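Chemist: Here's my sequence, what's the structure:
(2 chains)
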Amino acid sequence: TQLLEQSPQFLSIQEGENLTVYCNSSSVFSSLQWYRQEPGEGPVLLVTVVTGGEVKKLKRLTFQFGDARKDSSLHITAAQPGDTGLYLCAGAGGTSYGKLTFGQGTILTVHP
Amino acid sequence: GAGVSQSPSNKVTEKGKDVELRCDPISGHTALYWYRQRLGQGLEFLIYFQGNSAPDKSGLPSDRFSAERTGESVSTLTIQRTQQEDSAVYLCASRPRLGGRSNEQFFGPGTRLTVL
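Modeler: The predicted model follows:
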């Protein structure tokens, strides 16, 4: 059974601060995804990382996949209130049909 | 709209009653997934459909849970004799095809189930 440990579970910061969310596992994943979910809606994909050591940037968000493809991080620079939401990491691997294993999620609140 | 839709958006039921939750995937998406999400937490895999067959039902919590899919379209998740611990948001996702590197799943807004 593949497990993903996501931390921290809660993050409350002021506008303009930087933050990092971590996703760790003892299992290797073929790819790892980060989703953002707002209240009353389903998760929306932010990025997929596939190659060990890969770094992807999406405006103020930087995503990194560990060299061994067991861990990942999401770094947000100069957080804004609009970044508030639930961030989820999800790993794919072990099946041929894209079954995802989700982390527990990080609830981010950015105060103006 | 061309997204995944789910109905009802909210369902309140009494303990012991049966409920049916519906998912309409994006047209042409062959793969369909059901997940359960407890408040503020990650998603728990329930079942996967490829077309109308379900090769992976390993996440269904008990035999009170079942799901069906008609062809490559609508899916219904049924919970019999609901219990309070079944209260959660039930999310459906679809995916255009297997293979490829993206693995992106497109999620519906979910059905919030409350069992009193």
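Chemist: next helix or strand past the one helix or strand residue B:46 maps to?
Modeler: Using DSSP states H and E, residue B:46 sits within strand B:43-50. Remark: after strand B:43-50, the chain's next helix or strand is strand B:53-56, criterion DSSP H and E.
Chemist: Tell me which residue in chain A sits closest to chain B.
Modeler: Nearest to chain B, among the residues of chain A, is residue A:42, at 2.9 Å (C-beta to the nearest C-beta). For every residue, glycine as well, the C-beta is placed using N, CA and C.
Chemist: what does chain A have sitting close to chain B?
Modeler: Within chain A, the positions lying close to chain B (C-beta under 8 Å from any C-beta of the partner chain) are A:4, A:6, A:31, A:33, A:40-45, A:48, A:50, A:86, A:88, A:90, A:92, A:95-105, A:107.
Chemist: Drop anything exposed from those.
Modeler: A:4, A:6, A:31, A:33, A:42-43, A:45, A:48, A:50, A:86, A:88, A:90, A:92, A:97-105, A:107 (16 or more other C-beta atoms under 10 Å in any protein chain shown).
Chemist: and the strand holding residue B:46, C-alpha only, in CSV?
Modeler: Below are the C-alpha coordinates for strand B:43-50, written out as CSV (Å, rounded to 0.1, in the frame of the first residue of the first chain):
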residue,chain,number,x,y,z
LEU,B,43,-9.2,11.9,-0.8
GLU,B,44,-9.8,8.3,-0.1
PHE,B,45,-10.0,6.1,-3.2
LEU,B,46,-13.2,4.0,-3.4
ILE,B,47,-13.6,2.5,-6.9
TYR,B,48,-12.3,2.8,-10.5
PHE,B,49,-14.3,2.1,-13.7
GLN,B,50,-12.9,1.5,-17.1
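Chemist: can you list contacts of the helix-or-strand element of chain A with minimal mean pLDDT?
Modeler: Least confident helix or strand, chain A: strand A:100-102 with a mean of 91, by mean pLDDT, DSSP states H and E. With C-beta atoms under 8 Å, 6 or more residues apart in numbering or on different chains as the test, strand A:100-102 has contacts from A:2-4, A:29, A:33, A:88-93, B:33, B:35, B:42-45, B:103, B:105.
Chemist: Let's see which of the residues you listed end up in strands.
Modeler: Among the contacts of strand A:100-102, DSSP state E puts A:33, A:88-92, B:33, B:35, B:43-45 in strands.
Chemist: and which of those residues is nearest residue B:15?
Modeler: residue B:44 (20.8 Å; C-beta to C-beta).
Chemist: what's around residue A:26, how many residues?
Modeler: Per other C-beta atoms under 10 Å in any protein chain shown, the neighbour tally for residue A:26 reads 10.
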